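Asker: Turn this into a model:
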Amino acid sequence: MPSGLLVKLNPMGPWRLGTPSGERDRGDDVLHSDTLFSALCWAMESLGMLEPWLDATARAAEPLVRHSSCFPYTGNTLFAPPPRTLWPPQASSKVRWKGARFVPVSVVADLIAGRVPSEHSWSIDVASQCLVAHSKPGPFRYSVRSFSAVDRFSEGVAPHAASCLEFAQDSGLWCAVAFASPEVQTEWRWRIEAAFRLLGDSGIGGGRSRGWGHFVPQFSPLPALLGNAESVAGYWILSVYAPGSLDTVDWKTGSYSLVTRSGRAATGDVKSSSRMVSEGSVVCASSAPAGTVLDVT
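Answerer: Residues are numbered from 1 along each chain as shown. From the prediction side, this is the model:
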(Lines give C-alpha, C1' and ligand atoms only; values in the text may rest on other atoms or scores of the structure.)
Protein backbone atom coordinates (compact mmCIF):
# COMPACT_ATOMS: atom_id res chain seq x y z
CA MET A 1 0.00 0.00 0.00
CA PRO A 2 1.47 3.40 -0.94
CA SER A 3 2.18 6.02 1.69
CA GLY A 4 -0.24 8.90 1.77
CA LEU A 5 -1.17 12.34 3.02
CA LEU A 6 -4.61 13.80 3.75
CA VAL A 7 -4.81 17.50 2.90
CA LYS A 8 -7.68 19.59 4.25
CA LEU A 9 -8.25 22.99 2.66
CA ASN A 10 -9.82 25.15 5.37
CA PRO A 11 -11.49 28.01 3.47
CA MET A 12 -11.06 31.64 4.48
CA GLY A 13 -14.21 32.66 2.59
CA PRO A 14 -16.33 31.66 -0.42
CA TRP A 15 -14.97 29.64 -3.34
CA ARG A 16 -15.79 30.00 -7.01
CA LEU A 17 -15.27 26.83 -9.06
CA GLY A 18 -16.30 27.33 -12.67
CA THR A 19 -18.25 24.99 -14.92
CA PRO A 20 -17.40 23.87 -18.49
CA SER A 21 -20.11 26.22 -19.80
CA GLY A 22 -18.46 29.22 -18.13
CA GLU A 23 -21.78 30.58 -16.88
CA ARG A 24 -21.26 33.03 -14.02
CA ASP A 25 -24.44 32.13 -12.16
CA ARG A 26 -23.49 28.46 -12.02
CA GLY A 27 -20.60 26.78 -10.25
CA ASP A 28 -19.08 23.42 -9.48
CA ASP A 29 -18.71 21.83 -6.06
CA VAL A 30 -15.62 19.69 -6.80
CA LEU A 31 -12.09 20.93 -7.41
CA HIS A 32 -11.22 18.35 -10.05
CA SER A 33 -7.81 16.71 -10.02
CA ASP A 34 -6.74 18.15 -13.40
CA THR A 35 -7.43 21.68 -12.18
CA LEU A 36 -5.61 20.98 -8.91
CA PHE A 37 -2.65 19.51 -10.81
CA SER A 38 -2.44 22.67 -12.92
CA ALA A 39 -2.47 24.79 -9.75
CA LEU A 40 0.24 22.63 -8.17
CA CYS A 41 2.37 23.00 -11.31
CA TRP A 42 2.10 26.79 -10.98
CA ALA A 43 3.06 26.57 -7.30
CA MET A 44 5.99 24.25 -8.01
CA GLU A 45 7.23 26.60 -10.74
CA SER A 46 7.01 29.54 -8.31
CA LEU A 47 9.05 27.52 -5.79
CA GLY A 48 11.65 26.53 -8.39
CA MET A 49 10.68 22.84 -8.35
CA LEU A 50 8.66 22.45 -11.57
CA GLU A 51 11.07 20.16 -13.46
CA PRO A 52 11.47 17.62 -10.60
CA TRP A 53 7.68 17.75 -10.08
CA LEU A 54 6.96 16.96 -13.74
CA ASP A 55 9.58 14.18 -13.71
CA ALA A 56 7.85 12.62 -10.69
CA THR A 57 4.33 12.96 -12.14
CA ALA A 58 3.45 13.79 -15.75
CA ARG A 59 6.64 12.44 -17.32
CA ALA A 60 6.90 9.26 -15.25
CA ALA A 61 5.59 5.94 -16.57
CA GLU A 62 4.79 5.04 -12.95
CA PRO A 63 4.10 8.33 -11.14
CA LEU A 64 5.82 8.76 -7.79
CA VAL A 65 3.14 11.17 -6.55
CA ARG A 66 -0.60 11.04 -7.24
CA HIS A 67 -3.47 13.11 -5.87
CA SER A 68 -7.24 12.95 -5.92
CA SER A 69 -9.82 15.61 -6.67
CA CYS A 70 -10.99 17.78 -3.77
CA PHE A 71 -14.29 16.84 -2.09
CA PRO A 72 -16.21 18.37 0.85
CA TYR A 73 -15.68 17.63 4.52
CA THR A 74 -17.20 18.78 7.77
CA GLY A 75 -15.43 18.21 11.09
CA ASN A 76 -13.86 14.75 10.93
CA THR A 77 -16.30 13.52 8.28
CA LEU A 78 -14.85 13.19 4.79
CA PHE A 79 -17.34 13.04 1.92
CA ALA A 80 -16.61 11.41 -1.43
CA PRO A 81 -18.49 10.17 -4.50
CA PRO A 82 -19.56 6.61 -3.58
CA PRO A 83 -18.32 3.66 -5.68
CA ARG A 84 -20.81 3.17 -8.50
CA THR A 85 -20.78 -0.61 -8.00
CA LEU A 86 -22.02 -0.25 -4.40
CA TRP A 87 -24.34 2.75 -4.59
CA PRO A 88 -27.23 3.23 -4.16
CA PRO A 89 -28.13 0.52 -1.62
CA GLN A 90 -31.51 -1.16 -1.50
CA ALA A 91 -34.41 1.29 -1.87
CA SER A 92 -35.73 2.84 1.34
CA SER A 93 -39.07 4.44 2.19
CA LYS A 94 -37.33 7.14 4.27
CA VAL A 95 -34.14 8.05 2.38
CA ARG A 96 -33.78 8.50 -1.38
CA TRP A 97 -30.24 7.08 -1.47
CA LYS A 98 -29.59 7.86 -5.12
CA GLY A 99 -30.08 11.55 -4.39
CA ALA A 100 -26.75 11.64 -2.53
CA ARG A 101 -23.84 12.78 -4.67
CA PHE A 102 -21.36 12.57 -1.77
CA VAL A 103 -21.37 10.11 1.14
CA PRO A 104 -19.10 9.80 4.20
CA VAL A 105 -16.04 7.62 3.67
CA SER A 106 -17.14 5.64 6.76
CA VAL A 107 -20.33 4.68 4.90
CA VAL A 108 -18.23 3.41 1.99
CA ALA A 109 -16.29 1.23 4.45
CA ASP A 110 -19.60 -0.19 5.72
CA LEU A 111 -20.75 -0.92 2.18
CA ILE A 112 -17.51 -2.76 1.42
CA ALA A 113 -18.03 -4.84 4.56
CA GLY A 114 -21.58 -5.69 3.43
CA ARG A 115 -23.34 -3.45 5.97
CA VAL A 116 -26.30 -1.43 4.69
CA PRO A 117 -26.63 2.12 6.09
CA SER A 118 -29.57 2.57 8.43
CA GLU A 119 -32.36 4.73 7.02
CA HIS A 120 -32.98 6.06 10.53
CA SER A 121 -29.42 7.39 10.91
CA TRP A 122 -28.98 9.33 7.69
CA SER A 123 -30.64 12.02 5.61
CA ILE A 124 -29.72 13.92 2.47
CA ASP A 125 -28.84 17.60 2.66
CA VAL A 126 -30.56 19.05 -0.40
CA ALA A 127 -28.23 22.06 -0.79
CA SER A 128 -24.99 20.04 -0.96
CA GLN A 129 -26.38 16.61 -1.98
CA CYS A 130 -24.36 15.09 0.86
CA LEU A 131 -25.50 12.14 2.96
CA VAL A 132 -25.33 13.56 6.48
CA ALA A 133 -26.16 12.30 9.95
CA HIS A 134 -29.88 12.73 10.53
CA SER A 135 -30.91 16.40 10.93
CA LYS A 136 -27.31 17.66 10.59
CA PRO A 137 -26.46 20.48 8.15
CA GLY A 138 -24.40 19.94 5.03
CA PRO A 139 -20.82 21.21 4.55
CA PHE A 140 -21.67 23.93 2.02
CA ARG A 141 -24.39 25.68 0.08
CA TYR A 142 -24.57 27.52 -3.22
CA SER A 143 -24.97 31.29 -3.24
CA VAL A 144 -25.31 33.82 -6.04
CA ARG A 145 -23.80 37.22 -5.30
CA SER A 146 -24.43 40.40 -7.28
CA PHE A 147 -21.72 42.78 -8.51
CA SER A 148 -21.47 45.82 -10.77
CA ALA A 149 -18.68 46.82 -13.13
CA VAL A 150 -18.39 50.62 -13.28
CA ASP A 151 -16.87 52.44 -16.25
CA ARG A 152 -15.20 55.52 -14.74
CA PHE A 153 -15.07 57.35 -18.09
CA SER A 154 -18.60 56.87 -19.44
CA GLU A 155 -20.13 56.34 -15.98
CA GLY A 156 -21.79 53.19 -17.32
CA VAL A 157 -22.69 50.38 -14.96
CA ALA A 158 -22.81 46.69 -15.93
CA PRO A 159 -24.41 44.53 -13.21
CA HIS A 160 -23.64 40.82 -13.12
CA ALA A 161 -23.94 37.87 -10.77
CA ALA A 162 -21.49 35.12 -9.78
CA SER A 163 -22.17 31.81 -8.09
CA CYS A 164 -19.97 30.67 -5.21
CA LEU A 165 -19.73 28.04 -2.50
CA GLU A 166 -20.27 29.16 1.08
CA PHE A 167 -18.92 26.68 3.61
CA ALA A 168 -20.39 25.84 6.99
CA GLN A 169 -18.29 26.19 10.14
CA ASP A 170 -15.45 23.65 10.38
CA SER A 171 -16.07 22.59 6.77
CA GLY A 172 -14.10 22.81 3.54
CA LEU A 173 -12.50 20.60 0.90
CA TRP A 174 -10.07 17.70 1.20
CA CYS A 175 -7.87 15.67 -1.13
CA ALA A 176 -5.67 12.61 -0.87
CA VAL A 177 -2.01 12.55 -1.92
CA ALA A 178 -0.43 9.12 -2.47
CA PHE A 179 3.31 8.44 -2.62
CA ALA A 180 4.87 5.42 -4.31
CA SER A 181 6.93 4.53 -1.21
CA PRO A 182 7.91 5.86 2.23
CA GLU A 183 11.17 7.10 0.70
CA VAL A 184 9.23 9.10 -1.91
CA GLN A 185 7.06 10.53 0.86
CA THR A 186 10.14 11.68 2.75
CA GLU A 187 11.45 13.37 -0.39
CA TRP A 188 8.20 14.96 -1.55
CA ARG A 189 6.02 15.65 1.48
CA TRP A 190 7.68 18.96 2.39
CA ARG A 191 7.46 20.10 -1.24
CA ILE A 192 3.77 19.22 -1.44
CA GLU A 193 3.08 21.04 1.82
CA ALA A 194 4.98 24.12 0.61
CA ALA A 195 2.98 24.14 -2.65
CA PHE A 196 -0.36 23.93 -0.83
CA ARG A 197 0.64 26.72 1.55
CA LEU A 198 1.52 28.92 -1.42
CA LEU A 199 -1.80 28.09 -3.09
CA GLY A 200 -3.60 28.90 0.15
CA ASP A 201 -2.12 32.41 0.06
CA SER A 202 -2.74 32.97 -3.67
CA GLY A 203 -6.12 31.23 -3.83
CA ILE A 204 -7.68 28.76 -6.26
CA GLY A 205 -10.60 29.33 -8.61
CA GLY A 206 -12.43 32.51 -9.55
CA GLY A 207 -12.91 35.70 -7.58
CA ARG A 208 -9.49 35.64 -5.98
CA SER A 209 -9.23 39.44 -6.19
CA ARG A 210 -12.32 39.50 -3.95
CA GLY A 211 -10.68 37.15 -1.46
CA TRP A 212 -12.39 34.02 -2.74
CA GLY A 213 -10.60 30.68 -2.96
CA HIS A 214 -8.09 31.31 -0.16
CA PHE A 215 -7.51 28.62 2.47
CA VAL A 216 -5.30 27.33 5.25
CA PRO A 217 -4.03 23.79 4.55
CA GLN A 218 -3.96 21.11 7.23
CA PHE A 219 -1.97 17.90 6.80
CA SER A 220 -2.47 14.48 8.41
CA PRO A 221 -1.94 10.77 7.61
CA LEU A 222 -4.19 9.31 4.94
CA PRO A 223 -6.99 7.02 6.24
CA ALA A 224 -6.45 3.35 5.39
CA LEU A 225 -9.46 3.03 3.09
CA LEU A 226 -8.36 5.94 0.90
CA GLY A 227 -4.91 4.41 0.51
CA ASN A 228 -6.29 1.05 -0.62
CA ALA A 229 -7.60 1.37 -4.17
CA GLU A 230 -8.55 -2.32 -4.40
CA SER A 231 -11.19 -2.28 -1.68
CA VAL A 232 -14.25 -2.52 -3.92
CA ALA A 233 -13.52 -5.44 -6.28
CA GLY A 234 -12.02 -2.97 -8.73
CA TYR A 235 -10.33 0.40 -8.53
CA TRP A 236 -12.39 3.20 -6.97
CA ILE A 237 -11.50 6.36 -8.89
CA LEU A 238 -11.23 9.53 -6.79
CA SER A 239 -9.92 11.75 -9.58
CA VAL A 240 -10.72 12.34 -13.21
CA TYR A 241 -8.84 9.61 -15.04
CA ALA A 242 -7.34 9.37 -18.53
CA PRO A 243 -6.05 5.82 -19.22
CA GLY A 244 -2.33 5.43 -19.76
CA SER A 245 -0.81 3.38 -22.57
CA LEU A 246 0.22 0.62 -20.14
CA ASP A 247 -3.08 0.46 -18.23
CA THR A 248 -4.93 -2.84 -18.62
CA VAL A 249 -8.50 -1.74 -17.95
CA ASP A 250 -11.34 -4.08 -18.90
CA TRP A 251 -13.90 -1.58 -20.18
CA LYS A 252 -16.58 -4.28 -20.48
CA THR A 253 -16.76 -4.64 -16.70
CA GLY A 254 -16.84 -2.28 -13.74
CA SER A 255 -19.10 0.76 -13.61
CA TYR A 256 -17.97 4.14 -14.85
CA SER A 257 -19.13 7.36 -16.48
CA LEU A 258 -17.33 9.86 -18.70
CA VAL A 259 -17.01 13.61 -18.37
CA THR A 260 -15.73 16.21 -20.85
CA ARG A 261 -13.03 18.43 -19.37
CA SER A 262 -11.96 21.74 -20.86
CA GLY A 263 -11.15 25.27 -19.74
CA ARG A 264 -9.18 28.34 -20.70
CA ALA A 265 -5.44 28.99 -20.72
CA ALA A 266 -3.88 32.06 -19.09
CA THR A 267 -4.03 33.74 -22.50
CA GLY A 268 -7.80 33.32 -22.61
CA ASP A 269 -7.67 30.69 -25.36
CA VAL A 270 -9.96 27.69 -24.97
CA LYS A 271 -8.07 24.51 -24.12
CA SER A 272 -8.56 21.31 -26.07
CA SER A 273 -11.39 19.27 -24.58
CA SER A 274 -10.82 15.70 -23.42
CA ARG A 275 -13.05 12.84 -22.33
CA MET A 276 -12.11 11.37 -18.95
CA VAL A 277 -13.49 8.87 -16.46
CA SER A 278 -15.31 10.71 -13.68
CA GLU A 279 -14.84 10.51 -9.93
CA GLY A 280 -16.73 7.69 -8.19
CA SER A 281 -16.27 5.30 -11.10
CA VAL A 282 -15.02 1.76 -10.52
CA VAL A 283 -12.74 0.26 -13.19
CA CYS A 284 -11.42 -3.29 -13.33
CA ALA A 285 -7.82 -3.93 -14.31
CA SER A 286 -5.14 -6.56 -13.73
CA SER A 287 -2.96 -3.95 -12.01
CA ALA A 288 -3.45 -0.49 -10.55
CA PRO A 289 -4.14 2.03 -13.35
CA ALA A 290 -1.39 4.64 -13.64
CA GLY A 291 -3.26 7.00 -15.95
CA THR A 292 -1.66 9.75 -17.97
CA VAL A 293 -1.52 13.53 -18.04
CA LEU A 294 -2.96 15.12 -21.18
CA ASP A 295 -1.39 18.23 -22.69
CA VAL A 296 -4.41 20.43 -23.50
CA THR A 297 -2.60 23.74 -24.04
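
Asker: quick one: low-confidence parts of the stretch 101-250 of the chain?
Answerer: 227-233 (pLDDT under 70).

Asker: Strands of that one, start to end?
Answerer: 103-104, 122-125, 130-133, 140-150, 157-167, 171-179, 215-221, 235-236, 249-255 (DSSP state E, counting those that start in this stretch).

Asker: Relative to residue 91, which of those is closest?
Answerer: Comparing the strands of the stretch 101-250 of the chain against residue 91 with Cβ to Cβ, the closest turns out to be strand 122-125 (13.9 Å). To be clear about C-beta, it is placed using only N, CA and C from the backbone, and glycine gets the same treatment.

Asker: Would you mind pulling the contact partners of the lengthiest helix in the chain?
Answerer: If you go by DSSP state H, the chain has its longest helix at helix 182-202. For helix 182-202, contacts defined as Cβ atoms under 8 Å, 6 or more residues apart in numbering pick out 3-5, 7, 9, 39-40, 43-44, 46-47, 49, 53, 56, 64-65, 177, 179, 208, 214-217, 219.

Asker: Now the buried members of those.
Answerer: Among those, those classed as buried by 16 or more other Cβ atoms under 10 Å are 3-5, 7, 9, 39-40, 43-44, 49, 53, 56, 64-65, 177, 179, 214-215, 217.

Asker: What segments of this protein are helices?
Answerer: So, for the chain - with DSSP H - the helices run 33-46, 50-56, 105-112, 182-202, 224-227.

Asker: can I get these in CSV with distance to residue 155?
Answerer: Shown next, in CSV, are those (distance: least, Cβ to Cβ, whole Å):
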stretch, distance to residue 155
helix 33-46, 37
helix 50-56, 45
helix 105-112, 54
helix 182-202, 33
helix 224-227, 55
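
Asker: Would you confirm that residue 165 contacts residue 13?
Answerer: No - in this structure residue 165 lies outside contact range of residue 13 using Cβ atoms under 8 Å: 10.0 Å.

Asker: gap between residue 32 and residue 154?
Answerer: 39 Å (Cβ to Cβ, to the nearest Å).

Asker: hmm, back to that, the strands of the stretch 101-250 of the chain: which one's closest to residue 295?
Answerer: strand 249-255 (21.3 Å).

Asker: Against which helices or strands is the closest one packed?
Answerer: Counting contacts by 3 or more Cβ pairs under 8 Å, 6 or more residues apart in numbering; DSSP states H and E, strand 249-255 is packed against strand 282-285.

Asker: mean confidence for the strand it packs on?
Answerer: Averaged across strand 282-285, the pLDDT comes to 91.

Asker: Not counting sequence-adjacent ones, nearest residue to residue 163?
Answerer: residue 27 (3.9 Å; Cβ to Cβ, 6 or more residues apart in numbering).

Asker: got the contact list for that neighbour?
Answerer: Contacts of residue 27 by Cβ under 8 Å, 6+ apart are 16-19, 142, 163-165.

Asker: on that earlier part again, redo the strands of the stretch 101-250 of the chain as TSV? Include distance to residue 73.
Answerer: Formatted as TSV, these follow (distance: least, Cβ to Cβ, whole Å):
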stretch	distance to residue 73
strand 103-104	9
strand 122-125	13
strand 130-133	10
strand 140-150	10
strand 157-167	10
strand 171-179	5
strand 215-221	10
strand 235-236	18
strand 249-255	25
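
Asker: just these: most buried one?
Answerer: With neighbours taken as mean count of other Cβ atoms under 10 Å, those reach their highest mean count in strand 103-104, at a mean of 26.
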